[in-house]
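> got a sequence here, can you model it:
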Amino acid sequence: MFQRVLIANRGEIARRLIRAVRSVGAESVAVFSDADRFSPHVLEADHAFELENAPSPAPVHTYLSVDRVLQIAERAKVGAVHPGYGFLSESPQLAARLEEKGIAFVGPPVNAIRMMGDKLESKRIARAAGVSVIPGGSGAVQNAHDAASAAQELGYPVMLKASAGGGGKGMRVIDSEQMMLEDFPRCQAEAEASFGDGTMLVEKFISRPRHIEIQILVDKNGHGVFFPERECSLQRRNQKVIEESPSPLFSHHPHAAEIRAEMGRQALALAAAVGYYSAGTIEYLVSGDDAREFYFLEMNTRLQVEHPVTEAVSGGVDLAQWMLRIAAGEELSLEQKNLNKAKCHAFEARIYAEDATKDFSPCIGTINAYREPTKDEMSFSSHSSRSSSGTFSASASEDDRLRALGFGSSGVRVDSGVVDGSAVGVFYDPLLAKLITVGTDRLSALATLQ
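A predicted model of the protein is given here:
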C-alpha cells in the first residue's frame, strides 16, 4: 500500500478521500488555492501544499493545472494521486504524466479514460461489446443542416449533445427542424466553451426517461462486480439533485432481477472491452414505459458524487478505499452473490449555495449558520436493531463498516466541505455538502431525509 497519497481536489470529496487514505494507513496530502487556504480539507490533511504562482484561484490555474499538481506530487514524494470527481478526475493527461513519473493514478488506465471520454468512440465500443445503445449518435454532425438531416431520419424529438462533455453542457431536447437550426449554434458554442471541443451528435430522445446507473469495481486482474442500481432522475438543468438506491422503477417490476442482472452484465462487458480497472459507473437511460428498454448513455471513469448511496445499500463497502487498494495492486475480494440485492434503501440530497428566489442560481457569501446532526443524533448504540421504528437495521459487521463510513444508527451521514464561517466564492461549484439517509425501506429513508 502507498505511504502517502495526494488528493487533487477540494471541498467535501477531499475530506471524504482524506478519511479513505487514513483507513489504509497512509498519509494524506491536500492541495489548495489561495481562496481555499483555510478550508476544512486543508486543515484536516496530514500535509497541505498551495498550488503556487497561480494568477487567480480559478480552476484552470489551480485544480485543473496538471503541471502544478505534478509539482506538488513530486515535492511531497507521494506514491499515488487520487483525483476525486470533477477537475482532473477524467484527465488522461494527468494519468499519463503520473505514469511517466512512476506515481500511481488512483483510477482506470489512460486508454480507458480516453476511449470512454469520447461519446462517439464509447458508443462504438459499447455496440461492439453487445451493450444496448440509443439509436443514432454513431457519427458527428458538423453543422445545423447535418444535424437536422440526422434528426429527420431518427424522427423528432431528438437529443442534441456534445460528444466530449457532460453535466448537461451543450445539450438540448430538439422538437423540430426549426428548433434544430436555431439551437445547434448555441449548443456547439457552449460545448466549445466548456470542453474545448464542439463536436456534436444527435440521438433518439427516449420518452419518459429514467436516469439509472450501475456502479462497478474491477481489479487489475479483470475480476469485477456490480452493485445495486442508483436512480438519478431528479435533476435540475440536467444536473443531479437527489439520488437513491435501489430504483423505485424496479420495486414491483416482475422482471426486476433479470433487468438488474443484464444491466450489470453489460456494464462489466464494457469495462472488459477497454481493459478497465478501478471504480466506474455506467449510466443508462431507461424507458419509463418499459424498464426492459434501457440504453447506454456514458461511462464515468471516476468516483461519482453519489457513491455514498451505494456504500449504504451494499452494507458498507468502502468504494473510495477500494480504489486505493486496486491502484496498489490488491485483488478484489468482493463476491457478486453478496451484492445482487440492496440491503436497505438510501437517498442522497445535494446541498448547494443557491438562491431559490432567482431560479436556484449559485450565490456567494459567508456561511453564518451551519449545523449538521450532532454525534448524539447520529451515533451508533451498539448494533441494536432499529427495525421496529422502521428507520434502520443492520448486522453487527455492517454496523461497523457503516460507522466507519460516517453513518449513524439513525441512518444519517453528512459529507461536507464547509463549516460555520466558511466563505463561498465565485470560482468553484456551489455544492457545499451531501445529506445521505438510510432506511429499511424507501418511505423510512425518505422520512429521515425530510
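
> what residues of the one helix or strand residue 148 maps to count as buried?
In this assignment (DSSP states H and E), residue 148 forms part of helix 144-154. Under the neighbour-count criterion of 16 or more other CB atoms under 10 Å, helix 144-154 has 144, 147-148, 150-151, 154 buried. C-beta coordinates here come from the backbone N, C-alpha and C atoms, glycine included.

> distance between it and the chain's centre?
32 Å (CA atoms, centre = their mean, to the nearest Å).

> now what about the following helix or strand past it, what contacts it?
Per DSSP H and E, the first helix or strand lying C-terminal to helix 144-154 is strand 158-162. Under the contact criterion CB atoms under 8 Å, 6 or more residues apart in numbering, strand 158-162 has outside partners 119, 136, 147, 150-151, 169-174, 180, 183-184, 187-188, 190-191, 194-195, 197-205.

> partner residues bridging residue 412?
residue 437 (DSSP bridges).

> am I right that it is in contact with residue 439?
No - the pair residue 412 / residue 439 is not scored as a contact, 10.3 Å apart, by CB atoms under 8 Å.

> any shared contact partners between those two?
With CB under 8 Å, 6+ apart as the test, residue 412 and residue 439 both reach residue 448.

> neighbour count: these two, which is higher?
residue 439 (26 against 20; other CB atoms under 10 Å).

> state the distance from the more buried one to residue 286.
Residue 439 sits 23 Å away from residue 286, going by CB to CB, to the nearest Å.

> now residue 205
Taken as CB to CB, the span from residue 205 to residue 286 is 14 Å.

> these two: which has the busier surroundings?
The neighbour count for residue 205 versus residue 286, taken as other CB under 10 Å, is higher for residue 286 (27 against 20).

> elements contacting the helix holding residue 148?
strand 158-162, helix 177-195, strand 200-204 (3 or more CB pairs under 8 Å, 6 or more residues apart in numbering; DSSP states H and E).

> now residue 205: how far from residue 171?
11 Å.

> okay, helices next: where are they in the stretch 201-350 of the chain?
256-273, 307-313, 319-327 (DSSP state H, counting those that start in this stretch).

> most packed of the ones you listed?
For those, the largest average neighbour count (mean count of other CB atoms under 10 Å) is found in helix 307-313, namely a mean of 28.

> who touches that helix?
215, 227-228, 230, 243-246, 279, 317-320, 342-348, 402, 405, 407, 413, 415, 434, 436, 438.

> ok, and the closest non-adjacent residue to the one residue sitting closest to the centre of the chain?
Of all residues in the chain, the one closest to the mean position by CA atoms, centre = their mean is residue 304, 1.6 Å from it. Spatial nearest neighbour of residue 304, excluding adjacent residues (CB to CB, 6 or more residues apart in numbering): residue 281 at 5.1 Å.
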